[in-house]
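Peer 1: give me coordinates for this.
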Amino acid sequence: MITSMTAFAHVECEQFSWQVRSVNHRYLDAAFRLPDHYKHLEPSLRGLLKKYVKRGKVEAVLRSSPGQPEVKKLNQDLLDELTQNLNIIATRLPDAQQPTTLDLLQCPGVLESQTSEQGQDNDISIGFEESLVSLVEMRVREGAETAAAIEHKLVGLTELIAVVRSQLPALLAQQKARLLDRLAELKTDFDQDRIHQEFIFLANKADVAEELERLTMHIQEVRRALQAEGESGRRLDFLMQELNREANTLSSKSIAVSSTLNAVDMKVIIEQMREQVQNIE
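Peer 2: Numbers count the residues shown, from 1 in each chain. Down below sits the predicted model:
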């Protein structure tokens, strides 16, 4: 099952809310924004996240619900440390302006926010897990839509391959006829064996049957990856590179404007799929 890395979830609880968003990333990169008195929960929350998400850049924000009463707790140790440092400064710089009580209270960490209800660690973990379930559900929905879009592109790519394959015999025949016409215009006798060798060389140079076959095989592998369990994003990204390589080779071997345009159309489709694959976990 294909899972997108782009999703958003919001869970509102009685005393707090979780907001979790994720975007595409090569690995799992998580950032937590927690109130100071809940930062000790971050290691366990990271462990919980890894059970649900394997890849993506995830931002998780915990907020107190509007109207939730808060009290401020004085950090006595930090205040004592600040006071000692201020006394040292006053001794060395007696003319320096001393901070007011309000200035001290506004120093980071001197007044610590804490909710009026303690012991909410378990509720916060449960709320976070609920938000992860919601996040994964959205990632699955987005993944299904992405897979359907890629499948639509694969159909278009397969049609182009069929067109190039059907046109190949006629293009080779036209190329051979063009060469014979030029030889006839010269009105000179040429070694027939040499001409035959040139025809063989031309046919081999313009033969793209192998590239078309590999394109078809890669398309089959993409479809298998779209149906596979677990992470498929990296495999799909590799397959997009292989598809693009074959399309480039096809373009370089082109002997007609029509086949060149078909190769360009293939590369456009492959690039569109590659952009969509970037969001797959």
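Peer 1: Val122 looks like it's in a helix, true?
Peer 2: Let me fix one detail, which is that residue 122 is Asn and not Val. Yes - judged by DSSP: H, G, I helix; E, B strand; the rest coil, Asn122 forms part of a helix.
Peer 1: from here on, count from 232
Peer 2: Yep, numbering from 232; the last one is Asn353 now.
Peer 1: burial count for it?
Peer 2: Neighbour count of Asn353, defined by other C-beta atoms under 10 Å: 9. (Glycine included, C-beta is placed from N, CA and C.)
Peer 1: for the closest residue to Glu460 other than its chain neighbours, give me its contacts.
Peer 2: Take Glu460 and drop its neighbours on the chain: the residue closest to it by C-beta to C-beta, 6 or more residues apart in numbering is Met232, 6.6 Å away. By C-beta atoms under 8 Å, 6 or more residues apart in numbering, the residues touching Met232 are Val371, Gly374, Ala375, Glu460.
Peer 1: just Phe469 next, same as before
Peer 2: Contacts of Phe469 by C-beta under 8 Å, 6+ apart: none found.
Peer 1: surely it is in a helix?
Peer 2: Yes - counting by three-state DSSP, Phe469 is part of a helix.
Peer 1: measure it to Glu477 for me?
Peer 2: 13 Å (C-beta to C-beta, to the nearest Å).
Peer 1: do Ala261 as well
Peer 2: Taken as C-beta to C-beta, the span from Ala261 to Glu477 is 37 Å.
Peer 1: same deal with Glu502?
Peer 2: Glu502 is 14 Å from Glu477, by C-beta to C-beta.
Peer 1: now swap in Gln509 and tell me
Peer 2: For Gln509, the distance to Glu477 - C-beta to C-beta - is 20 Å.
Peer 1: kindly report the same for Arg286.
Peer 2: Counting by C-beta to C-beta - Arg286 and Glu477 are separated by 27 Å.
Peer 1: Ala456 too?
Peer 2: For Ala456, the distance to Glu477 - C-beta to C-beta - is 17 Å.
Peer 1: and Arg445, by the same measure?
Peer 2: 5 Å.
Peer 1: low pLDDT regions in the stretch 232-381 of the chain?
Peer 2: Along the stretch 232-381 of the chain, segments meeting pLDDT under 70 span 296-303, 341-350.
Peer 1: need the helices for it, in chain order.
Peer 2: All helices of the stretch 232-381 of the chain, identified by DSSP state H, counting those that start in this stretch, fall at 273-283, 307-323, 332-336, 352-417.
Peer 1: of those helices, which approaches Val254 most closely?
Peer 2: helix 352-417 (11.0 Å; C-beta to C-beta).
Peer 1: what residues are up against Asp354?
Peer 2: Cys244, Gln246, Phe247.
Peer 1: dump the residue contacts of Leu363.
Peer 2: Leu363 neighbours (C-beta under 8 Å, 6+ apart): Ala240, Val251, Leu279, Leu280, Tyr283, Val284.
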